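Asks: Return a 3D structure for these sequence lines:
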Amino acid sequence: MDQSVGFLRRLGAVLLDILIVFLPIGLLVSALFQTELNSLISNMIEGLYMLIVPVFWYGYVVGKKIMGIRIVKTNGKDVGIGTMLLRVVLSGAIYGLTFGVLYIVSAFFVVFRKDHRAIHDLFAGTYVTNAEPGEAAALPEA
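Replies: Predicted coordinates for the structure are as follows:
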């Protein structure tokens with residue numbers, strides 16, 4: 001049965017992405033480019049990863065794939081580039097403008113909301129599920 005995924009599995013996926021994807025990217029960029037822009041270059045690559053990989057990999061990124069969870073639209077369909085732009089770029093800007101305060105609020109949303117949707121899920125019309133590709137159902141109305 002399809003269900004939205006709670007905080008611990010989502011946190012595990014993020015931590016895995018940090019260890020398996022983001023840390024190596026940061027180290028590689030630092031080794032290749034001896035510049036003050038290392039952080040900017042790393043952030044751009046990581047942002048593109050979060051934006052593009054789920055579109056072509058049925059809502060998965062490496063951490064989510066390992067944890068057996070993925071991002072889908074609330075209608076159960078796979079995410080597209082527009083959805084991921086809302087999820088990654090718009091929500092990232094809003095989290096940044098609030099100096100991370102809404103990021104903390106978002107974590108509480110995942111813990112306490114029945115549908116476990118974070119602020120970026122609400123913006124983009126997505127949720128995180130354990131359903132395999134082709135199995136995701138529309139998210140029931142709250």
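Asks: Please enumerate the helices of the chain.
Replies: Along the chain, the segments classed as helices by DSSP state H run 7-17, 23-32, 38-56, 62-67, 81-84, 91-97, 101-112, 119-124.
Asks: Now render those helices as JSON lines, adding mean pLDDT and distance to residue 74.
Replies: For the C-beta atoms, the positions are set from N, CA and C on the backbone; glycine is no exception. JSON lines is the format used below for the helices of the chain (pLDDT from 0 to 100; distance: least, Cβ to Cβ, whole Å):
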{"stretch": "helix 7-17", "mean pLDDT": "94", "distance to residue 74": "16"}
{"stretch": "helix 23-32", "mean pLDDT": "90", "distance to residue 74": "30"}
{"stretch": "helix 38-56", "mean pLDDT": "92", "distance to residue 74": "15"}
{"stretch": "helix 62-67", "mean pLDDT": "96", "distance to residue 74": "17"}
{"stretch": "helix 81-84", "mean pLDDT": "96", "distance to residue 74": "10"}
{"stretch": "helix 91-97", "mean pLDDT": "90", "distance to residue 74": "15"}
{"stretch": "helix 101-112", "mean pLDDT": "93", "distance to residue 74": "15"}
{"stretch": "helix 119-124", "mean pLDDT": "93", "distance to residue 74": "8"}
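Asks: which stretch among those comes nearest residue 75?
Replies: Across those, residue 75 has its closest neighbour in helix 81-84 (10.6 Å, Cβ to Cβ).
Asks: Mind giving me the packing neighbours of that closest one?
Replies: helix 38-56 (3 or more Cβ pairs under 8 Å, 6 or more residues apart in numbering; DSSP states H and E).
Asks: Other residues contacting the helix it packs on?
Replies: 21-22, 25-26, 29-30, 33, 35, 60-62, 70-71, 79-81, 84-85, 88-89, 92 (Cβ atoms under 8 Å, 6 or more residues apart in numbering).
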